[in-house]
Every structure is written in C-alpha cells, then in structure tokens.
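Peer 1: This is a predicted model, with the sequence first.
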Amino acid sequence: MTPFIRIVSLCLSLALSMGLSAQEVNFYAEADARQIVVGNYFEVSFVLENAQGEYFQPPEFEPFELLSGPSRSTQMSIINGRRSQKMTFSYGLTINEAGKHTLGSATVTVNGKTYKTDPISIEALQGSRPTAQGATSQGQGADDTGEFIIEAELSQDTGYIGQQITLRYVLYTTQDVRSYNFLNTPNFDGFYAQEIQNYRGRPERVVKDGVQYVRRVIKVIALFPQQKGTFELSPANVNLGVATRRSSSSFFFNSNLKPVRLASNAVELYITDLPRGAPASFAGAVGDFFMGSAIDKQSITKDDAVTLTYQIKGDGDGKMLKAPDQPYSDLFDIYDPNLLAEESKVVGDRIETTKTYEYLLLPKKEGKLSFRPELSYYNVDSNKYETIQGQLYTINVAPSTGRQTADLADREVTLPPPATSTKLRSRDSFFFQSVPYWIANGALGLGLIGLLVAKQVKTKQDSIDPSIKKHNKAKKLAIAKLATAKSAWTAGDTKEFYIQLRKGLLEYLSSKTYQDSAQMSKDDIKALLSENGLSDLEFDIMDIMTKGEMAIYANMSSGTEGEIYDKALNLIEKIESTLKK
C-alpha cells in the first residue's frame, strides 16, 4: 500500500467515526432502574465527562428517600492518544409510594457555565414474593423458586439475508450470582454466528411479574442470515454459581457457591430475500451504512489515471459486502477495484465492518469531468433502498502527451499553388538538388506517412471492443494478481494468498473466454477448458480451487503454498501458449 493510500485510508476512517469531533462537556443522569418495587433500593448517578466541575448541586430527592451517598469517583483513560475523563456522584434511594415519580435535575459549573441533567422518571410498583407457582408461570427459563430466569432475546424476529440480528441471553436474578457457564448454545444452521467477546453490559433493576430482579446480559451473539426460511433456535443450558451465606468457619470470608442449572426459552426467526429494484450501486450492504472517498489528483492528461479511494462502514454482513459499481462509466474506464483494507470491530453489542477499496479511473474524454461516488444500501429501519452520494469531484483532463502528433494527423495537408513563372537557379545556389535537399524532402515525406499511420492505428484501437482489450491484457493482470498473492504469503497471510490466487485465475479464465468471473462455477470452468482444448489442465486448476476454498472457508492450509503459486504461473503460461496456436 502506497503512503498516499495509507494516509487517505486513515483520514477516511477518522472522517467516518465520531472521533473527529472535539471532546465536548457532557453532564447527564442515569439510574440502574426505571421500575422498582415499592420499598426497594436503587441507585442514581450524575456523570460529568471531559471537564473538571465545581459547585455540584444534587436535585431535591423528595418523594424519594435518601439511603446512601454521595459517593464520588473519578475515571481517566487514554485510548489511541485520545484522553477522556469522567466524574461520577452516586446516591442510593428508595420510595414507599406506588406510582410514577420524577427525580429533578442536578447542576454543576464548568468554566463559569452551568450545566444541568435531564429529569429521570421512576415507576414504583406494588410487588409480590417469588414462589414456585410464580416460577411456573414464567415457563421455560426460570428455576423452581422464581429467583432466577434466563431468557433469549432477539433484536428482531424477522430479517433479511445479510442483515445483522443480535441474540442476547439475559439473566434475571434476585440473588448474588457470582459465575455462569453455558453448557450449550443452538447450532445456528442457516446463519453465520459470531459471539461478542468480553461484552460488558450495565446491570439494571427491573420489575417482572411483580418481582424486582437485577437484569444482566450474560452473552451476546451476532447472527448474519445466509439463507431464507423460518428457523427455530433451541434453548441454551446454563450453570449458575450462586453465593450462599458465609459460615463463621469460612476462611478469609470466602463464600460457597451453589450450582443452579437453567434452560432458556427457544426463539424463532423468519428470514426473507431483499425486495427487487436494487439500485446499480447496491453491492450487498444491508443495515446502517456510511461512506467516504478521496482522489489522489485533480489534474491529469488523457493518458493518465486517477486513483479513487473509497471506504464503506456499516453493520451488515461484511462477507457479502462488495465494491459497488459507480455511475460514471460514461466518463471513465473503471477498472476492477482492489480491496486495500478490511476491519471488523465490536461497537457496543454489534459488529461493525469497514472496507477500503481502490478504483483506477481512466478518462474517456478531455476537459472538466465531474462525478460523485455513491453507495446504495438496504435500510432495515425504513425497509427501502437508500443511496448515499459522496463529495463532488472535478477532474481537469488535458490532452495526452501524444496529442500534438495526433492533431497534426487530423489536419488537411494543403500544397502551395503552382508557380506562375519559372526561375532558373544559378550554379552558385548550393542547397537546391543537393544531398541535404533530398534528405530533407525524404524526411518530410516519411513524417507525413508516419502521421497517417499513427492516425489509422489510433482509430483502430478506439474501435476495439473493451472485452477484447481485456482479453489481450489478461495475462498481465493475472500476473499482477499472483504477485499480490505472493506478497500476502510472504507476510504470513495464507487466507489472503488464496483469495488473490483464486481471483487471479478466475479473472484470467473469464477474460480469455469472454465470460463473467462472478458467475463462474466449477462446472463452468470445466466446460470452458473442454471447449478450448484445455481439458488436460482441469485437474491442476480444480486442485488449486479446492485448496483455496479449504483455506478461505475452513481455515485449513495445505502448507504447500509455494508449489501452488508456481503451479498457477505454469497454468497461465500453458493456457496462453495453447490459445495462441
């Protein structure tokens, strides 16, 4: 990756994140419960971010009763060179009156400016003690006392192929649960599933069937549907470690853990295809997406190229996300984009994918060419396709470096009128009919002939079908792909090695046989080899394809990448020599 591309990719990543905005002072209130049982405890915190405050003033707590506080804590962190700080004031409260109640605003002063929090609404409900009969009403997921419940919750029960759906396993408990262990989870047939590791959700107090529980998310799995249909996710079984009362003989106040086994409820998902009518720039993005772009130059000649760096960021299935077609092929010859970088990271309880592509644009005409990159995606909230248009770029395209010669070839050659009188030269005139005279005339004649030939060649090249041009450059492009594959292998990235190797072979075969590489199956490859008298190469090509699939999808490497690389080069040479005969 060139220094320019590295810089552009970094800038695009920053522009697509919220990190570009300056750190603002933020003062807010949060409670660990929105509903409580009358007489139960809950905690409210007032948080000041990115500032040192003074003159903090809590709200009037009535009709709530203050049980503890204030407890003050500070936190500071530096992530990727960015410093943040947080100051928290916490209070323990209760209320003895049923109904909806409002806790007013707290205030704090920062640099002479007063900030205040939004009020918080708390609902107090009349409660009941958990019983075995109450637990039975909970159904699957509760223990026989009703003190523990585990539920499987989906972010939605209907979705589309390529959409991210979040599965959460939520524990409701009235006891001190110190540990948990999943004995099994569903098979997730029909989905690509990825667990969100080290998820840290904030516990909260909730009221469920008249009982106040602590609600805590203990496992999060991102599901990406791969096929349509109705799917049932079977119950998950979990072992809990519940703290029991410490006995007087306990060593250093250690408590015993009592095992409790629970099974969650089963859930059902209905997955369907995306609707028809996708825009041309749709390339598998389903969910919530953003885009950014940059170009490396604004002024070029007609025989030069512009590099467009294009970044997509969103929460859909990254494996289905491709580089979209761009709507300005009337202005440029657009070469197949290269994937420069791909990154997936966890944001909250979801997975976010960022892909950076490089497009090579060759102008078809001179002058000022204006275009906007765009991205179309399916918005699952509005249930429709939406198109994002990027920045408007204007490229100044000057004549190519050989344009002056071509212009001369386009002009009509006009001979001077014949002389009306004859004037004999004297013997003293040296140049006329001398050797330099005839050399000059011969050079002029050859120059005119060369201009006419150049014009004919240019006209012939412009009339060649683009697929034929691609056919003629197939070997060169394939060798470039294989060089990229070798670089990945040298860097220790076996998966990328096979991705680039397979892509190079497929694109080479498709260019040589005028087929679309995206639609080529193994049967298509066999048929193409047979039709072109290359059946003897079938075993070697299928061997490369199979080992590539095992490495890419099953993470199984053969350990013979060097031999496979040499085999691919030899195959291209054999095909090239056979098709030329």
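Peer 2: Structure received.
Peer 1: State whether residue 105 is indeed within a strand.
Peer 2: No: using DSSP: H, G, I helix; E, B strand; the rest coil, the assignment for residue 105 is coil, not a strand.
Peer 1: Do you know the pLDDT at it?
Peer 2: What the model reports for residue 105 is a pLDDT of 91.
Peer 1: same thing with residue 575?
Peer 2: On the pLDDT scale, residue 575 gets 80.
Peer 1: any low-confidence regions in this protein?
Peer 2: Low-confidence segments of the chain, defined by pLDDT under 70: 1-23, 79-81, 128-145, 245-255, 401-475, 512-521, 553-558, 579-581.
Peer 1: Let me see the domain layout of it.
Peer 2: The chain breaks down by automatic domain parsing into domains covering 27-125, 132-272, 282-398, 402-413+440-458, 468-580.
Peer 1: which parts of stretch 537-557 are buried?
Peer 2: 537, 541, 544-545, 547-548, 551-552 (16 or more other Cβ atoms under 10 Å). From N, CA and C alone the C-beta is placed, and that goes for glycine too.
Peer 1: what do you get for stretch 229-247?
Peer 2: Neighbour counts over stretch 229-247 (16+ other Cβ under 10 Å) mark 231, 233, 235-236, 238, 240, 242 as buried.
Peer 1: now it, how far from the chain's geometric center?
Peer 2: 33 Å (Cα atoms, centre = their mean, to the nearest Å).
Peer 1: quick one: buried residues of stretch 179-199?
Peer 2: Quick answer for stretch 179-199 (16+ other Cβ under 10 Å): 180, 185-186, 188, 190-194, 196.
Peer 1: tally of neighbours for residue 488?
Peer 2: Residues lying near residue 488 (other Cβ atoms under 10 Å) number 18.
Peer 1: got a list of what it touches?
Peer 2: For residue 488, the contacting residues are 494, 496-497, 499-500, by Cβ atoms under 8 Å, 6 or more residues apart in numbering.
Peer 1: Mind giving me the packing neighbours of the host helix or strand of residue 73?
Peer 2: Per DSSP states H and E, residue 73 falls inside strand 65-79. In terms of contacts (3 or more Cβ pairs under 8 Å, 6 or more residues apart in numbering; DSSP states H and E), strand 65-79 is packed against strand 82-94.
Peer 1: The strand it packs on versus strand 65-79: what angle between them?
Peer 2: Between strand 82-94 and strand 65-79, the angle comes out at 170 degrees (axes from the mean of the first three to the mean of the last three Cα atoms, to 10 degrees).
Peer 1: starting at the chain centroid, how far to strand 82-94?
Peer 2: In terms of Cα atoms, centre = their mean, the centre of strand 82-94 is found 34 Å from the chain centre.
Peer 1: which other helices and strands contact it?
Peer 2: Taking 3+ Cβ pairs under 8 Å, 6+ apart as the contact cut, strand 82-94 packs with strand 42-49, strand 65-79.
Peer 1: Apply 10 Å and report the result again.
Peer 2: In this structure, strand 82-94 packs against strand 26-31, strand 35-37, strand 42-49, strand 65-79, with contacts taken as 3 or more Cβ pairs under 10 Å, 6 or more residues apart in numbering; DSSP states H and E.
Peer 1: Mind checking which of the buried residues of stretch 229-247 land in strands?
Peer 2: Using DSSP state E, 231, 233, 238, 240, 242 are the members of the buried residues of stretch 229-247 that sit in strands.
Peer 1: and the third one, bridged to which residues?
Peer 2: Right, residue 238. Beta-bridge partners for residue 238, by DSSP bridges, are residue 182, residue 262.
Peer 1: chain center to the strand holding residue 73: distance?
Peer 2: 37 Å.
Peer 1: sorry, back to before: with respect to residue 344, which of the helices and strands packed on strand 82-94 lies nearest?
Peer 2: Shortest separation from residue 344 across these is recorded for strand 65-79, at 18.1 Å, computed as Cβ to Cβ.
Peer 1: List the strands paired with the closest one, with their directions.
Peer 2: Partner strands for strand 65-79, per DSSP bridges, with pairing direction: strand 82-94 (antiparallel).
Peer 1: Just want the angle from the strand it pairs with to strand 42-49.
Peer 2: Using the same axes, to 10 degrees: strand 82-94 against strand 42-49 is 160 degrees.
Peer 1: Restrict strand 82-94 to CA atoms and write it as PDB.
Peer 2: C-alpha atoms of strand 82-94 as PDB (Å, rounded to 0.1, in the frame of the first residue of the first chain):
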ATOM      1  CA  ARG A  82      -7.300  10.400  23.000                       C
ATOM      2  CA  ARG A  83      -7.800  11.400  26.600                       C
ATOM      3  CA  SER A  84     -11.100  11.200  28.400                       C
ATOM      4  CA  GLN A  85     -12.200  11.700  32.000                       C
ATOM      5  CA  LYS A  86     -15.300  11.100  34.000                       C
ATOM      6  CA  MET A  87     -16.500  12.300  37.400                       C
ATOM      7  CA  THR A  88     -19.500  10.500  39.000                       C
ATOM      8  CA  PHE A  89     -21.700  11.400  42.000                       C
ATOM      9  CA  SER A  90     -23.800   8.400  43.100                       C
ATOM     10  CA  TYR A  91     -26.800   8.100  45.600                       C
ATOM     11  CA  GLY A  92     -28.800   5.200  46.900                       C
ATOM     12  CA  LEU A  93     -32.500   5.800  47.000                       C
ATOM     13  CA  THR A  94     -35.900   4.200  47.700                       C
END
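Peer 1: Give me the contacts around stretch 536-544.
Peer 2: 498, 501-502, 505-506, 509, 522, 525-526, 529-530, 534, 558, 564-565, 567-568, 570-571, 574-575, 578 (Cβ atoms under 10 Å, 6 or more residues apart in numbering).
Peer 1: Just the C-alpha atoms of it, please, in CSV.
Peer 2: This file holds the C-alpha atoms of stretch 536-544, laid out as CSV (Å, rounded to 0.1, in the frame of the first residue of the first chain):
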residue,chain,number,x,y,z
ASP,A,536,-5.6,-31.7,-19.6
LEU,A,537,-5.3,-28.7,-17.2
GLU,A,538,-8.6,-29.5,-15.4
PHE,A,539,-7.0,-31.5,-12.5
ASP,A,540,-4.5,-28.8,-11.6
ILE,A,541,-6.9,-26.0,-11.7
MET,A,542,-9.5,-27.8,-9.6
ASP,A,543,-6.8,-28.8,-7.1
ILE,A,544,-5.9,-25.1,-6.7
